[in-house]
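> Test case, fold it:
(chains A and B)
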Amino acid sequence: MYTLSEQQIDFILNDIKIRGVEMEDLQLNLLDHICCIIEYELEQEGDFEDFYHKTIPKFFKKELKEIEEETKLLLTFKNYYAMKKTMIRTGIFSTIAIVLGSFFKVMHWPGAGVLLVLGIGSISLLFLPLMIILKTNDSNNKRDKFILASSAAVGFFLCWATLFAVMHWPGNGIFWIIAVCISTFVLIPVYFFTGIRDPETKLNTIVTTIVLVAATGLQFTMINIRPAVKLTQIKMYSYIQGEELLKKVQNRSASGHHENSTQQSFAENINNKAEQIKSMILMNAIGESKIPKDFESEGIIIEEGNLGIAFFDNGEGIKLLSELKAEISKYNASGEINIENKIPVDHSILDIDFDKIGRYSNYSVLNSITQIQMYLATAENKLTAFK
Amino acid sequence: MYICPMYSSELIKGTLKTIILKLLSENKEMYGYEITQKVKDLTDNKIQITEGALYPTLHALENDGIVTTEIVNIGKRVRKYYKLTPKGKNSATEKVTEFADFINTMKFLLDIKPQLG
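Numbers count the residues shown, from 1 in each chain, chains lettered A, B, ... in the order given. Below is the predicted model:
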C-alpha cells in the first residue's frame, strides 16, 4: 500500500483543476478516488508519477472534463423536465385567464382586469422566456434560435401592448411600435433571407413571410388609425362641458336664499352622494377623484371602460347609488316641490337593476349622474328665485 | 458508460442508478471508490463501473434528494460518504422491483428457459 504525501495530493488536485474540472464537489470526489486507487493499487516503493499518468486516462475518453459535462447534463436534464412542466402549466393557465378575462371584459363583469393582467403577465414573463430557453436548447441551428428569440420578443411586446390598451394604461403605443419595428426590421428580413436560400424551405419561407408581413401590416394599421381615441376625446370634452354647465347653474342657486332647510339638506345630500359616485369612477379611470384643470397638457384621458374594482368592492358603489336614489325620492316627496321641479329618475342610471350596473360604462354612469345634478340645480334655481 | 468485459453497454445502460441504490440500501454509507470496488467484487469483474458514469449519477441522485452526503476529512483530502434518504429507500425498493419485473418480462418474451444444474 502506497502512502501519498501532501505535495502529491496537491499535485493531483491541481492537475484535476488544470484538466478543466471546475465543480468543487467533483474535484474533491475525483481527488479521493484517484488517491484511493494509488493507495490500494500502487506498491509502497512504486513510481507515483508513472502510475498516476497511466491511471488518469482510464477516467475519460478524450479529456477529464467530460465527467463534469456529463454531471451538468444530468443536473440540467432534471431542470429541463421541471421547466417543461412549468411551461405547459403556465401556457394553459395564461390561455384560460386571457380567454376568461376577454369574455369578462366584453360583458363588463368585475374581475376582467385581474384575469387579463395575470394571463398576459404569465404568458409574457413565464411562458415565453421558458419557451425560448427550452427550444433554443433543443435546437443547434443558430438561425432557428435567433428567429425563435425575435418572435418571442415580438410576442412579448404585443402582449404588453394589448394589456396596456385594454387596461387603459398610458404607453401602449410604445409597445406596439417596438413590436412592429422588431417584426419589420429584424424578424421578417432574417427569416426571409435565410430561409429562401435553402430549396427545401423556400416555399414555406415565402408563405410564412406573406403571413408575417400581413400580420405586421395589420398591427401597424392599428397604431396609425386608433379611431377610439378620437371618439373618447369627444366623450370626455362633452362630459367636462356638462360638468362646467352644472357648476354655473349650481353657483346661481347657491347665491340665492333657500327657506326650506329640510329640502335644502336633501339637495345637499343628493349632491354629496353624486360627487362621491363620480369620484369613485374617476379614481378608477384616471387615478384622481377630480379631472385636473391641466388635463390636456398632462394628456389625461378617461378611456371608456368599466366602473372599476373599487366600485364593486363590498358593494360600495351600488350602496351609494341606492342611497342617492333614496335621497332623490325624499327630495321629490318633500311638500313644496311641484311636478315640474321633480327630479326624473325614470330611464336614468338609477332606474336600472343595480346588480346589472357592471354592464354600463363609466361614461354612461358619469353623464347620467351629472344630468340628475343638473335637474336638481335647475329645480333649486327656480325655488330660490321664487322666494 | 461502463467498462464491462462481458456485457454490451446497451444491455446494461440505465441500470447504474439501480445498482447504486441497491448497494446503498445494503450498506449504511459508501464512498465512490468503495462502490466501484464492491460492484467489481460482487460481479466477479463482469461489471466495472467507470468514474465517468458513477460521479455524474451520484450528483444527480444527491440533487434529487435520493441520497445525502457526509464529508469526512482524510488527512489532506476529504471523502464524501453517500447514504440513502428516506425517499431514497423507497426509490431503491421501487427500482429493484421494477428491474426484477423487467427481467421476468424479458424471460417470457425471449422464451429463456431456466438452466438446470
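> Residue A:142: how many residues sit nearby?
By the measure other C-beta atoms under 10 Å in any protein chain shown, the count of residues near residue A:142 is 10. The C-beta positions use only the backbone N, C-alpha and C, and glycine is treated the same way.
> So for it, what's the pLDDT?
Note for residue A:142: predicted pLDDT of 80.
> do the same with residue A:119
Looking at residue A:119, its pLDDT reads 94.
> thought it was touching residue A:103?
No - Residue A:119 lies out of contact with residue A:103 (C-beta atoms under 8 Å); the separation is 11.6 Å.
> who has more neighbours, those two?
It is residue A:119, of residue A:119 and residue A:103, that has more neighbours when counted by other C-beta under 10 Å, with 23 against 12.
> Could you say which helix or strand holds the more buried one?
Assigned by DSSP states H and E, residue A:119 falls within helix A:112-122.
> for that helix, packing partners?
helix A:66-106, helix A:142-166 (3 or more C-beta pairs under 8 Å, 6 or more residues apart in numbering or on different chains; DSSP states H and E).
> for it, which positions count as buried?
Under the neighbour-count criterion of 16 or more other C-beta atoms under 10 Å in any protein chain shown, helix A:112-122 has A:112, A:113, A:115, A:116, A:118, A:119, A:120, A:121, A:122 buried.
> Which members of those residues are the farthest-apart pair?
Farthest pair in the buried residues of helix A:112-122 (C-beta to C-beta) is A:112 and A:122. Separation: 16.0 Å.
> Average pLDDT for the helix or strand harbouring residue A:206, rounded please.
Using DSSP H and E, residue A:206 sits within helix A:202-225. Helix A:202-225 carries an average pLDDT of 83.
> returning to that earlier point: ok, and what's touching the following helix or strand past the helix holding residue A:119?
Once the chain leaves helix A:112-122, the next helix or strand it forms, by DSSP H and E, is helix A:128-138. With contacts defined as C-beta atoms under 8 Å, 6 or more residues apart in numbering or on different chains, helix A:128-138 is touched by A:80, A:83-84, A:86-87, A:90, A:145, A:148-149, A:152, A:155-156, A:159.
> so helix A:128-138 versus helix A:66-106, what angle?
140 degrees (axes from the mean of the first three to the mean of the last three C-alpha atoms, to 10 degrees).
> dump the residue contacts of the spatially most central residue of chain A.
What sits nearest the mean C-alpha location of chain A, by C-alpha atoms, centre = their mean, is residue A:117, with 4.0 Å. Residue A:117 makes contact with A:163, A:167 under the criterion C-beta under 8 Å, 6+ apart.
> can you tell me how far it sits from residue A:125?
11 Å (C-beta to C-beta, to the nearest Å).
> number of nearby residues for residue 98?
Just so you know, I chose chain A. As a burial measure, residue A:98 scores 20 neighbours (other C-beta under 10 Å).
> that's the wrong chain, I wanted chain B
10.
> So is the helix or strand encompassing it next to chain A?
Element membership for residue B:98, per DSSP H and E: helix B:86-110. No - using C-beta under 8 Å from any C-beta of the partner chain, we find that helix B:86-110 stays clear of chain A, coming within 14.0 Å at best.
> how about the strands in chain B?
Assigned by DSSP state E, the strands in chain B fall at B:2-3, B:48-49, B:67-74, B:77-84.
> Would you mind saying which of those strands lies nearest chain A?
Closest approach to chain A among these is made by strand B:77-84 (4.9 Å; C-beta to the nearest C-beta).
> Against which helices or strands is the helix holding residue A:206 packed?
The contact analysis (3+ C-beta pairs under 8 Å, 6+ apart) places helix A:202-225 against helix A:172-181, helix A:188-195.
> let's see it at 10 Å
Counting contacts by 3 or more C-beta pairs under 10 Å, 6 or more residues apart in numbering or on different chains; DSSP states H and E, helix A:202-225 packs against helix A:142-166, helix A:172-181, helix A:188-195.
> Now the element after it, going C-ward?
By DSSP H and E, the next helix or strand past helix A:202-225 is helix A:227-255.
> Give the next helix or strand downstream of that next one.
Criterion used, DSSP H and E; the element after helix A:227-255 is helix A:261-286.
> how about that following helix: buried residues?
Those would be A:263-264, A:266-267, A:269-271, A:273-274, A:276-278, A:280-282, A:284-286, for helix A:261-286 by 16+ other C-beta under 10 Å.
> burial of the residue nearest to residue A:201 when sequence neighbours are not counted, as a residue count?
Using C-beta to C-beta, 6 or more residues apart in numbering or on different chains and skipping residues adjacent in sequence, the residue nearest residue A:201 is residue A:195, 4.8 Å away. Neighbourhood size, residue A:195 [other C-beta under 10 Å]: 19.
> tell me the pLDDT at residue A:195?
In this model, residue A:195 is scored at 86, pLDDT.
> again, but for residue A:24
90.
> contacting residues for it?
Neighbouring residues of residue A:24 by C-beta atoms under 10 Å, 6 or more residues apart in numbering or on different chains: residue A:17.
> I'd like to know how far it sits from residue A:10.
Distance from residue A:24 to residue A:10, by C-beta to C-beta: 15 Å.
> Counting by contacts, list what the helix holding residue B:98 packs against.
Using 3+ C-beta pairs under 10 Å, 6+ apart, helix B:86-110 is in contact with helix B:16-26, helix B:51-63, strand B:67-74, strand B:77-84.
> least reliable of those going by mean pLDDT?
Among the helices and strands packed on helix B:86-110, helix B:51-63 has the lowest mean pLDDT, at a mean of 89.
> Make JSON lines out of the strands of chain B and add distance to chain A and mean neighbour count.
Shown next, in JSON lines, are the strands of chain B (distance: least, C-beta to the nearest C-beta, whole Å; neighbours: other C-beta atoms under 10 Å in any protein chain shown):
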{"stretch": "strand B:2-3", "distance to chain A": "8", "mean neighbour count": "18"}
{"stretch": "strand B:48-49", "distance to chain A": "10", "mean neighbour count": "19"}
{"stretch": "strand B:67-74", "distance to chain A": "7", "mean neighbour count": "14"}
{"stretch": "strand B:77-84", "distance to chain A": "5", "mean neighbour count": "19"}
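> where does chain A have low pLDDT?
Within chain A, the ranges that satisfy pLDDT under 70 run A:78, A:137-140, A:223-230, A:255-259, A:335-337, A:384-387.
> Taking the stretch 201-350 of chain A, what residue is nearest to chain B?
Counting by C-beta to the nearest C-beta, the stretch 201-350 of chain A gets nearest chain B through residue A:201, at 35.3 Å.
> next one: the stretch 151-300 of chain A
Per C-beta to the nearest C-beta, residue A:152 is where the stretch 151-300 of chain A lies closest to chain B, at 28.6 Å.
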